[in-house]
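A.B. asks: Need a 3D model of the sequence below.
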Amino acid sequence: MRKPLIAPSLLSADFSRLAEEIQNLEQLGVDWFHCDVMDGAFVPNISFGVPIIEAIRQCTTLPLDVHLMIQAPERYIQTFAEAGADILTFHWEATPHPDRLIQQIHSLGKQAGIALNPATPVEVLVDILPEVEVVCVMSVNPGFGGQRFIPYITHKVQRLWELRQRRNARALIEVDGGISPETVLQIPQADVLVVGHNLLRAPDRIKALEALRTAWM
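C.D. replies: The predicted structure follows:
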């Protein structure tokens, strides 16, 4: 049976020793790093920006999925691409021209991801789904780590999987928020799991990662 990609959310890392945290997670065998960029406007929180992405890029060769939780992301796409992002994920709700933004990301040689807030239906992607490499389904309201998984996301991920089949698209289904061995069982269609507190704040990260992967199987 296939295994999902594990993408630790570095928002939950210890920033006083970020390089060591990244090295430790690489040694555990994670697949991506998920980097949340927040502007205090699109979401009610502020997180790291371009200098931190540049620093993370110097610490790892693993793919960086830079999740832009910001208004008007088109203003910063090139800057974050140059900082070292491999995947640039923006919110459908944050821009009036998602198709133009996808083209902009691809023109920079990067993969395009599009994120949906919990209350945004997957059907808004019916036309552009074949154009993106990743769809990030928010399973919590964006802005803060450590939140509980929203139950109706189970059906939303199922609908996205069905839409992907109908549209003959290849976008990876990424689920972000409240991921644990228990909630993983509710989203078997997911290709990428963004894990924050339940991995980075776990007393034993080896056991926490094993629990996630065992639950999937």
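
A.B. asks: Quick check: bridge partners of residue 114?
C.D. replies: Per DSSP bridges, residues listed as beta-bridge partners of residue 114: residue 90, residue 135.

A.B. asks: list the contacts for it?
C.D. replies: Contact partners of residue 114, counting by C-beta atoms under 8 Å, 6 or more residues apart in numbering, are 89, 90, 91, 92, 98, 102, 125, 128, 132, 134, 135, 136. Quick note: C-beta positions are derived from backbone N, CA and C, even for glycine.

A.B. asks: at 10 Å instead, please
C.D. replies: Residue 114 sits next to 88-92, 95, 98, 101-102, 105, 124-125, 128-129, 131-136, 171 when contact means C-beta atoms under 10 Å, 6 or more residues apart in numbering.

A.B. asks: Just the buried ones from these?
C.D. replies: Among the contacts of residue 114, those buried by neighbour count (16 or more other C-beta atoms under 10 Å) are 88-92, 95, 98, 101-102, 105, 125, 128-129, 131-136, 171.

A.B. asks: quick one: which of these sit in strands?
C.D. replies: Using DSSP state E, the subset of the buried ones among the contacts of residue 114 located in strands is 88, 89, 90, 91, 134, 135, 136.

A.B. asks: The third one contacts residue 69, doesn't it?
C.D. replies: Yes: in this structure, residue 90 is within contact of residue 69 by C-beta atoms under 10 Å, at 8.8 Å.

A.B. asks: any residues in contact with both of these two?
C.D. replies: With C-beta under 10 Å, 6+ apart as the test, residue 90 and residue 69 both reach 37, 42, 115.

A.B. asks: Can I take it that residue 202 is in a helix?
C.D. replies: No: counting by DSSP: H, G, I helix; E, B strand; the rest coil, residue 202 falls outside a helix, being coil.

A.B. asks: State the distance from it to residue 196.
C.D. replies: Distance, residue 202 to residue 196, using C-beta to C-beta, to the nearest Å: 10 Å.
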